[in-house]
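Colleague: Structure of the sequence below:
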Amino acid sequence: MTTPRQTAEAFSGHRFSDAYDVLAPEVRWTSVGQGTVTGRQAVVDACEASLAELATATVEFVRFVVVADDDGAAVDAVGRYEDADGEVSVVSSCDVYEFTGGVLTTITTYAVELDPAAAADRT
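Modeller: Residues are numbered from 1 along each chain as shown. Purely as a prediction, here's the structure:
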């Protein structure tokens, strides 16, 4: 059985498929300020679209802190993304995961893009 910690680490680390098995049928993923995706297949589709966008990029997590128990988990991360053209984006995010009986029911994501030059101050 996958623990909430393992699920959170996988999902926040862009290893989405490692978390698909524990998604509730009516899982709800809210990206604060961006919208909400509801339902297992809709979340999987959103994850796969993200992976397609990241296919030609490199990702380095300069911060990745996980706190978890049996009913929830949170990941505080700073990721440095570099696309094929060398353009760099740095994103600070916090993902909060809620579980019921080992099944992931709710994901809430807070994310903000940082100035790459100033990002070292956040890690």
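Colleague: any idea how far R80 lies from V32?
Modeller: 22 Å (Cβ to Cβ, to the nearest Å). (C-beta placed from N, C-alpha, C; glycine too.)
Colleague: Comparing the two, which residue is more hemmed in?
Modeller: Using other Cβ atoms under 10 Å, the more surrounded residue of R80 and V32 is R80, with 18 against 12.
Colleague: any idea how far the nearest residue in space to the more buried one that is not next to it in sequence lies from E82?
Modeller: By the measure of Cβ to Cβ, 6 or more residues apart in numbering, the closest residue to R80 outside its immediate chain neighbours is E60, 4.7 Å from it. Applying Cβ to Cβ, the value for E60 to E82 is 8 Å.
Colleague: These two: which is more packed in?
Modeller: Using other Cβ under 10 Å as the criterion, E60 and E82 rank with E82 on top: 16 against 10.
Colleague: Strands of the chain, start to end?
Modeller: 23-31, 35-38, 58-68, 72-82, 88-100, 103-114 (DSSP state E).
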